[in-house]
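Novice: Give me a 3D structure for the following:
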Amino acid sequence: MSRLVQIKVELLTPEAFRPFGELLSTATRPADFNGLNSDGWKVAYSATALPLIMTLSSRYSGLRFGKLERHRNVTQTFIPLGRIPAIVAVAAPTGDDPETIPAPEDVHAFLLDGSAGYVLKRGAWHSLDRFPLYPPSAEIVIITSQDTQDELESAPRETWRLTQEIDYATRFGVTFELAL
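Specialist: Sure, this is the predicted structure:
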């Protein structure tokens, strides 16, 4: 038996996103750094290995998905290039027990309008992709850890220790649909 879970897309605000991470944008709070003609606001980033910076091109594929993943060792950062609207689905970290996963109703979705990036908390669940609202794609810079990316690219899934992936469609018959 399969079930379709609709996730209402929310606006990306610091308050709404706080359970999952923090925004990377200019802020209303005082700047952490004041240069001659620039101000800067810091966000937390941590990893167990050297950082890795890469560009992702998320192709338009509709607004349905069935998998979430989390990374136990890094606070991944995503920075949009341009202003192509896209959506990301997230759920709060669930602790260290691999059997404790988010209920489908605990998954949220946020509209990325290109004006802000975001930093996911360590262990925050997220969709494997960002979902552009129209073709062809949305380009995003990601800051992750080298060991996490090496694991994703070359290790068999059954040996992963830094990343956990849940296939809701196969395991529970649940498909998520992002609703605007």
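Novice: List the backbone torsions phi and psi for Ala16.
Specialist: Main-chain torsions, Ala16, degrees, to the nearest 10: phi -70, psi -30.
Novice: who touches the closest residue in space to it that isn't next to it in sequence in this structure?
Specialist: Distances taken as C-beta to C-beta, 6 or more residues apart in numbering place Glu10 nearest to Ala16, at 5.4 Å, with adjacent residues excluded. Where you see a C-beta, it was placed from the backbone N, CA and C, and this is true even at glycine. By C-beta atoms under 8 Å, 6 or more residues apart in numbering, Glu10 lies in contact with 16, 108-111.
Novice: Of those, which is the nearest to Ile84?
Specialist: Distance to Ile84, by C-beta to C-beta, is smallest for Leu111 among the contacts of Glu10, at 11.6 Å.
Novice: Which ones among the contacts of Glu10 lie within helices?
Specialist: Ala16 (DSSP state H).
Novice: In PyMOL, select just the buried ones from the contacts of Glu10.
Specialist: In PyMOL, this line selects whichever of the contacts of Glu10 come out buried by 16 or more other C-beta atoms under 10 Å:
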select buried, resi 108+109+110
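Novice: Adding distance to Asn73 and pLDDT, write the contacts of Glu10 out as TSV.
Specialist: TSV is the format used below for the contacts of Glu10 (distance: C-beta to C-beta, whole Å; pLDDT from 0 to 100):
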residue	distance to Asn73	pLDDT
Ala16	26	97
His108	23	98
Ala109	25	98
Phe110	23	98
Leu111	28	97
